[in-house]
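Asks: Got a predicted model here, sequence first, then my questions.
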2 protein chains.
Amino acid sequence: MKQLVPNFLKKRADLTPDRVALIFEETNYTFRQLFEYSREIAGQLCSIGLKKESTAGVLLSNHKDSVMILYALQMLGVRAVILNNRLTSEELLWQLEDSEVDVLLYENAFANKITEIKKTFPRAVIEKEELFQLEVAEAFIENEFDLDDVTTIMYTSGTTGHPKGVLQTFGNHWWSATASALNIGLSDEDRWLCAVPIFHISGYSILMKSVIYGMTVVLHQTFNEKAAIEDILKYRVTTMSVVSTMLLRINERLEVNQLPGHFRCMLLGGGPAPLSLLEDCKEKGIPVYQSYGMTETASQFATLAPEYSLSKLGSAGKALFPNQIKIIGKNGEEVSNHSEGEIVVKGPNVTIGYLNRVLETSESIKNGWFHTGDIGYLDAEGFLYVLDRRSDLIISGGENIYPAEIEGVLMSHPDIADAGVIGFTDSKWGQVPGAFIVAKGNTNLSEGELIEFCTKLLAKYKVPKVFRFVEELPRNASKKLLRKNLREMVKKEHS
Amino acid sequence: MKQLVPNFLKKRADLTPDRVALIFEETNYTFRQLFEYSREIAGQLCSIGLKKESTAGVLLSNHKDSVMILYALQMLGVRAVILNNRLTSEELLWQLEDSEVDVLLYENAFANKITEIKKTFPRAVIEKEELFQLEVAEAFIENEFDLDDVTTIMYTSGTTGHPKGVLQTFGNHWWSATASALNIGLSDEDRWLCAVPIFHISGYSILMKSVIYGMTVVLHQTFNEKAAIEDILKYRVTTMSVVSTMLLRINERLEVNQLPGHFRCMLLGGGPAPLSLLEDCKEKGIPVYQSYGMTETASQFATLAPEYSLSKLGSAGKALFPNQIKIIGKNGEEVSNHSEGEIVVKGPNVTIGYLNRVLETSESIKNGWFHTGDIGYLDAEGFLYVLDRRSDLIISGGENIYPAEIEGVLMSHPDIADAGVIGFTDSKWGQVPGAFIVAKGNTNLSEGELIEFCTKLLAKYKVPKVFRFVEELPRNASKKLLRKNLREMVKKEHS
């Protein structure tokens, strides 16, 4: 049945107008203010022709203005293609064209990239301050949201070829927020520190929780462990989202018993933390909730409560209340406990599919089950263990890196015959990408030259930090690259 | 889009098996136990032929067995027609026939009524203990619930004619539970005292919250203020559902500062409480949340937070997050703030309609808006004031008079224990208000004194012209005043 709910921010501003919605750079914004500012921006967006079902690309960093622009777009029913700030202009252009955005909104910090983009991008490109100078037209903000309507699109690279736009509906965000509340609880004193990017689902989902819960978000432009700890104390923060490199840095700086009692949840995404770190966290009283989730599930899908963090080490816990997990074998059959297989998930926070990609969507979602491509197992009590991220995914400081994308770039180099990329263990970032290169005969490729080449085409975190020149790459009979063999080679070197 | 979620109790037992689900007569039942016992009962229900989409009538009181039977039915996908224990056998029979139940389950306390029913009721009638002796067949419990499927049916009298079966879907209960959590918060230490009947939505909705939240329910067979206060202290109860007479009795018995800090919500339904009671509650630290809801909205729809209980006296607050309220005039047009009109509501917890009543359903639900028949207004800040049920409206010389308002005034008199007001036929004015008064023990109230008292507080036309001193007022199981019965009493006198 078609499910309509009130416009999130408008309703929230009506229910708890004076509650603090956002703290940014020591300034508080109430829900009333957030709604009024966002409505004004909505009027400016209307004056450039945006309306329900338009599509807008946004290249914005963690800033109060970005939050308001995102709410303004949502309230108008404009689909926001939320762009990763770290992408190169080539990567951005590809996503803008793929999603056929009507307009690109950006902030001045990205002016260089924009200059490149403007050379070929045929649509309107508007800088934030420029937008804020525009006339405020009448804003046709929606009174109700249809939970089945798409509100945001975030790109994810997937296993092969180009990134795909993940369609996120109002319902996906709604259910994600309520499922999380049913898991970790909810209080009108909750405050969530957001030092992860709001262009990721990890950050954007905090904004959705804020309006749905009536919860204060303390927004940081970038992650800094000292500032994070200070603000946890200063603003009585109760919850924070981190990836393991962030947790590592917080843990290193934090003294025993420094964390106050009101801090109740350190939500850890982007892969499991090592035992030593979890033991340290326990000692320092950091309540770590390990979780499993992805862009396609509108953030966390499964979570492990802190009381299990050591006894179920490495587990991502159980699927949240509205969610289900199955492990399937090669023929799609459900396998028994402790048997490895592909992790498939189902729930109202799972994407309805990929933008304009009927085939990939039908391959990924079958009978309501989304095939993650990740490998894992369930133990006898139903706790999930993720063994391998989908198709060799590399997670570096919380950013997903898909080897195929980097390999594609390397292969486009005139002197490279073959290339394979895997993750190398790194004490700071968890993993960093490393490349195995087969050079064409008689060429003299240098590492420096390759770094320079990649830097032009790839976001910095995707540029390989290790290069190995080899005679040939392990490929199977159908010439499929065996990255697993590459990983084993590296593992042997270190043992 | 079709929305499937896991079987509530099965999922809950998987997530938090060892958490206490139910405390009844000093015995604890964990969610694992509740699931296992309920599954066993489901097997017994299967052995009498019940299966998905069957319909079962249940005549059960507040008891742990009733809770398990209700969960068993839900897990099988059997629709439960939940019968009011106080009905006569004639009234019960009418509902059983109207809903065409396949079987009637009852407990021995109602044997007399059942003897009568059996005389004409053609289907199976099974006593609880008898059911529990049956063979446990394989239970085909559902893995998933479709939120659009009907799971419970409760009859409501409405304004005229026979009662109608209100269809309540899994989604109605889900959204009601989550909407309430978004309003009053959620903690894994929450415990809800249920001393309202579980055959009413006020009680049944507590059971749904229990499985969805993972929350302990302390279940009482009947309401007793002494036992309620004792268990709030003993079991660290945080929330309790009451109607104003229950609150009155609790308030009278409670000493200042006796209520512990962990008690955070006294959820008040069934009409507003008088000012004097609210003032007393404030003094005694009882955090009263006045609310508005009905069987058709799967419990509370709007709620007033305690910080507004005096400044917005008599208001039921604002519609919960997923909900919307409008006030409409005679031609269906939305009226302005402070204008009286019919209260119409919309939200995912609103019924899909009445069982087998296409006409009444289409008259009640128009474009997704449910027409409550209640009269009220919204103030300038959007707070809802419920003036009265449409059927109880008294029209005197062209002036509208709402009994609840007069009752509120009468109840504030120190010597009045209870009061009910209806319209008496009057040759001059059409109708005049008349009051039924229950005086407090050993007081000597005179009519003249009451007229003087009312005249100070009410416009002259609202002052009762008739007073009747009675021992008690007719109230239903949830303590709601039955003005219809008062009218019938008067009618009999005149015929």
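Replies: Everything's here; your move.

Asks: How about residues contacting the host helix or strand of residue A:126?
Replies: Using DSSP states H and E, residue A:126 sits in strand A:124-127. By Cβ atoms under 8 Å, 6 or more residues apart in numbering or on different chains, the surrounding residues in contact with strand A:124-127 are A:48, A:102, A:103, A:104, A:105, A:106, A:107, A:108, A:111, A:114, A:117, A:118. Bear in mind the C-beta positions are built from the backbone N, C-alpha and C, glycine included.

Asks: measure the fifth one to residue A:57 for me?
Replies: It stands for residue A:105. 7 Å (Cβ to Cβ, to the nearest Å).

Asks: cool, the first one as well?
Replies: In this view, residue A:48 and residue A:57 are 13 Å apart by Cβ to Cβ.

Asks: Which one of the two is surrounded by more residues?
Replies: residue A:57 (26 against 18; other Cβ atoms under 10 Å in any protein chain shown).

Asks: still on that earlier bit, now the helix or strand just after the strand holding residue A:126: average pLDDT?
Replies: Using DSSP H and E, the helix or strand that follows strand A:124-127 towards the C-terminus is helix A:128-133. Computed over helix A:128-133, the mean pLDDT rounds to 97.

Asks: thinking again about what came up before, pull up the pairing partners for the strand holding residue A:126, direction included.
Replies: Strand A:124-127 pairs in its sheet with strand A:103-106 (parallel), by DSSP bridges.

Asks: what residues does the partner strand touch?
Replies: Defining contact as Cβ under 8 Å, 6+ apart, one finds that strand A:103-106 is touched by A:48-50, A:54, A:56-60, A:69, A:96, A:114, A:117, A:121, A:123-128, A:131.

Asks: low pLDDT regions in chain A?
Replies: Within chain A, the stretches with pLDDT under 70 are A:158-161, A:272, A:388-391, A:477-480, A:495.

Asks: Tell me who's in contact with the residue most central in space within it.
Replies: When Cα atoms, centre = their mean is applied to chain A, the residue found nearest the centroid is residue A:200 (3.4 Å). Taking Cβ under 8 Å, 6+ apart, we find residue A:200 in contact with A:84, A:154, A:295, A:398.

Asks: go again using 7 Å as the cut-off
Replies: Neighbour list for residue A:200: empty [criterion: Cβ atoms under 7 Å, 6 or more residues apart in numbering or on different chains].

Asks: One more: residue A:483?
Replies: Listed by Cβ under 7 Å, 6+ apart, the contact partners of residue A:483 are A:392, A:403, A:420, A:422.

Asks: hmm, 10 Å instead?
Replies: The contact partners of residue A:483, by Cβ atoms under 10 Å, 6 or more residues apart in numbering or on different chains, come to A:391-392, A:394, A:403-404, A:407, A:420-423, A:436, A:473-474.

Asks: Equivalent analysis for residue A:78, please.
Replies: Counted by Cβ under 10 Å, 6+ apart, residue A:78 has contacts A:42, A:45-46, A:50-56, A:58, A:72, A:101-103, A:142, A:151.

Asks: Filter those residues down to the ones in strands?
Replies: Using DSSP state E, the subset of these located in strands is A:55, A:56, A:58, A:103, A:151.

Asks: ok, the last one - contacts?
Replies: The neighbourhood of residue A:151, defined by Cβ under 10 Å, 6+ apart, consists of A:8, A:70, A:73-75, A:77-80, A:145, A:167-173, A:208.

Asks: Which members of these are positioned in strands?
Replies: The strands in this structure, assigned by DSSP E, contain A:79, A:80, A:145, A:167, A:168, A:169 from those.

Asks: Surely the third one is in contact with residue A:76?
Replies: No: judged on Cβ atoms under 10 Å, residue A:145 makes no contact with residue A:76 at a distance of 11.2 Å.

Asks: who has more neighbours, these two?
Replies: The neighbour count for residue A:145 versus residue A:76, taken as other Cβ under 10 Å, is higher for residue A:76 (27 against 24).

Asks: nearest residue to the more buried one other than its sequence neighbours?
Replies: residue A:42 (5.3 Å; Cβ to Cβ, 6 or more residues apart in numbering or on different chains).

Asks: Residue A:155 too?
Replies: Spatial nearest neighbour of residue A:155, excluding adjacent residues (Cβ to Cβ, 6+ apart): residue A:163 at 4.1 Å.

Asks: List the contacts of stretch A:486-494.
Replies: A:388, A:392, A:403, A:420-425, A:434-436, A:466, A:468, A:470, A:473-474, A:482.

Asks: which SS state does residue A:92 fall under?
Replies: Using DSSP: H, G, I helix; E, B strand; the rest coil, the secondary structure recorded for residue A:92 is helix.

Asks: What is the neighbour count of it?
Replies: Residue A:92 has 26 neighbours, counted by other Cβ under 10 Å.

Asks: Repeat that for the one 4 residues further on.
Replies: Applying the criterion other Cβ under 10 Å, we find 23 residues in the vicinity of residue A:96.

Asks: What strand or helix carries it?
Replies: Assigned by DSSP H and E, residue A:96 falls within helix A:89-99.

Asks: Output the contacting helices and strands for that helix.
Replies: strand A:55-59, strand A:79-82, strand A:103-106, helix A:111-118, strand A:150-156, strand A:164-169, helix A:403-411, helix A:447-457 (3 or more Cβ pairs under 10 Å, 6 or more residues apart in numbering or on different chains; DSSP states H and E).

Asks: And it, what's buried?
Replies: Neighbour-count burial for helix A:89-99 flags A:89, A:91, A:92, A:93, A:95, A:96, A:98, A:99 (criterion: 16 or more other Cβ atoms under 10 Å in any protein chain shown).
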